[in-house]
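[1] I need the structure of the sequence given here:
(one chain, ligands or ions: 1)
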Amino acid sequence: MEKYLYEKLKLLTYAAYYDQTCSSVEKVNKYPIYYSNVAYNNQVRKVGLLKLLYTNICKYNCSYCINRRESNIPRAIFTPEEIAKITLEFYNKKLINGLFLSSAIYKSEEYTASKLLETIKLLREKYNFKGYIHVKIMPNISKELINEISKYASRVSINIEMPSEKSLKLFAPEKNKNSIIKPMKYIGELFYFFKTERKKYKKAPKILPSGHTTQMIIGASEEDDKQILTLSKYLYDKFHLHRVYFSAIRPIETSNPLINKIKKPPIEREVVLYQADFLIRRYNFSVSDFFKTTNNLPQNIDPKLWYALENIDLFPVEITKADYDTLIRVPGIGKKTAKTIIKLRKNSYIDLNILSQIYFPLKKAIYFITINGKYYGDFDFSNKEKIMEKFKLKIKNKYYPNYFKYNFKLKSQPLDEYLFTTEEI
Ligand code: SF4
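    Here you go, the predicted model:
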């Protein structure tokens, strides 16, 4: 790779660090490659993406963003041909499965989006690129441009940015809610239409096979977890979104007092929001299930355990009789375990011994279940207030017994680790 191209790559992959595309981030061979679980070629699998910006030159000045107009940083811009060349090089070396292409807003939204379209068209048509492509949609662009990008992309996303219109006005006053919601709504309709068509006709075109997503910055503005999860649930229901990514605000150098007063990036908050969001999407939890006594999830505690403590009246659950929907709400019992229990109890008597022989997370679940009427945990369910009091105290003091301390893999790698040197290319 030529030196000038390498320099641009270094700058514009670093600039893309702030754009969230997935909930897990890893590095392979010291390259800035991100891994995301996506529905791809009809199955959910982990794909490695080269994540870069077309340019970091921006006409906007969003206060939370390192690429904003007033930011004193080196700037660069690729040509579509250069991005295609780099992507193919990484793809052919089997370092990536695809490309995540985003951009700052250069000249205009429509102009920038047309450059992203040109890039992916080149990749698909000229170079016959078969890999995964995720493209960022710019606010306020025309339906025609969205249609064209959707023909070539595997997934698109438009960032909702902040959890409320009020915060958007405060942190990004040049943007407005409608310029984001309108294209998001249109993409949702487009995605849903073709998804339904594909069910009816096998030959219907594969438009956006991996759906569309959005990103929300958390921890900068005042919205609580209940408001954030209520908004993400609304977006799933209304616009058929595949995922809402929560991005804890990252510290950047700025004179803006709004950003400067944010002391520490609340990574733990991002983790519990992802976990609660997962339970809402996959386990049929409602947002209100988590917020009986507080509007914020305790950090460093699994939201399913928090739900059980908040709704302690519903426990213990009799494992030999409870239906599937009740079983999957017990801390430690997932969908697979619930199915195994139901299958097992049809044909045999269940007791503690039998449960210990199958893969059953007794350590976590034992406090919330009875087995044939017998309780093996040490909660006093005749005094439920005491259980709550005891745990609330522990949560406040950030002390949890081992069996409740779930291990979070925090993605708090220093930024430097995302850079790489010429020799490594
Ligand atoms: S438009 Fe995007 S790149 Fe530009 S300042 Fe705002 S968030 Fe940053």
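[2] Please identify the buried residues of the host helix or strand of residue 186?
    Under DSSP states H and E, the secondary-structure element containing residue 186 is helix 177-200. Within helix 177-200, the residues that qualify as buried by neighbour count (16 or more other C-beta atoms under 10 Å) are 177, 180, 181, 183, 184, 186, 187, 188, 190, 191, 194. In short, each C-beta sits where N, CA and C put it, glycine included.
[3] Could I get the full set of strands for the stretch 251-400 of the chain?
    For the stretch 251-400 of the chain, strands defined by DSSP state E, counting those that start in this stretch occupy the ranges 317-318, 369-371, 374-375.
[4] give the contact list for the residue in the stretch 201-350 of the chain that the ligand sits nearest to.
    When distances are taken as C-beta to the nearest ligand atom, the stretch 201-350 of the chain reaches nearest to the ligand at residue 217, 9.1 Å away. By C-beta atoms under 8 Å, 6 or more residues apart in numbering, the residues touching residue 217 are 64, 161, 162, 163, 171, 247, 248, 249.
[5] related to what we said a few turns ago, just name the most buried of the strands of the stretch 251-400 of the chain.
    strand 369-371 (a mean of 21; mean count of other C-beta atoms under 10 Å).
[6] If you count contacts, what does that one end up packed against?
    Contact analysis of strand 369-371 by 3 or more C-beta pairs under 8 Å, 6 or more residues apart in numbering; DSSP states H and E lists strand 317-318 as its packing neighbours.
[7] ok, back up a step: let me have the strands of the stretch 251-400 of the chain in CSV, extended by distance to residue 282 and mean pLDDT.
    Conversion of the strands of the stretch 251-400 of the chain to CSV gives the following (distance: least, C-beta to C-beta, whole Å; pLDDT from 0 to 100):
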stretch, distance to residue 282, mean pLDDT
strand 317-318, 19, 96
strand 369-371, 21, 92
strand 374-375, 29, 90
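[8] Figure out which of the ones you listed is closest to the ligand.
    Nearest to the ligand, of those and by C-beta to the nearest ligand atom, is strand 317-318 at 45.8 Å.
[9] Those residues of the chain touching the ligand, which are they?
    If contact is defined as C-beta under 6 Å from any ligand atom, the residues of the chain in contact with the ligand are 58, 60, 62, 65, 67, 68, 104, 105, 172.
[10] which element is the residue nearest to the spatial centre of the chain on?
    For the chain, the residue whose C-alpha lies nearest the mean C-alpha position (C-alpha atoms, centre = their mean) is residue 245; its distance is 3.1 Å. Assigning secondary structure by DSSP H and E places residue 245 in strand 243-248.
[11] where along the stretch 201-350 of the chain do the helices fall?
    Along the stretch 201-350 of the chain, counting by DSSP state H, counting those that start in this stretch, helices occupy 225-239, 257-260, 267-282, 303-310, 324-327, 335-347.
[12] contacting residues for residue 287?
    Taking C-beta under 8 Å, 6+ apart as the definition of contact, the neighbours of residue 287 are 226, 229, 230, 233, 280.
[13] And it, how far from residue 231?
    10 Å (C-beta to C-beta, to the nearest Å).
[14] got any ranges where the chain has weak pLDDT?
    Across the chain, the stretches falling below the confidence threshold (pLDDT under 70) are 17-47, 251, 263-266, 300, 359-361, 390-425.
[15] Save the buried residues of helix 177-200 as JSON lines, and put in distance to residue 380 too.
    Putting these into JSON lines (distance: C-beta to C-beta, whole Å) gives the following:
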{"residue": "177", "distance to residue 380": "50"}
{"residue": "180", "distance to residue 380": "50"}
{"residue": "181", "distance to residue 380": "50"}
{"residue": "183", "distance to residue 380": "54"}
{"residue": "184", "distance to residue 380": "49"}
{"residue": "186", "distance to residue 380": "55"}
{"residue": "187", "distance to residue 380": "52"}
{"residue": "188", "distance to residue 380": "49"}
{"residue": "190", "distance to residue 380": "55"}
{"residue": "191", "distance to residue 380": "50"}
{"residue": "194", "distance to residue 380": "55"}
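[16] Just give me the closest of the contacts of residue 217 to residue 97.
    Ranked by distance to residue 97 (C-beta to C-beta), these are led by residue 247 at 22.3 Å.
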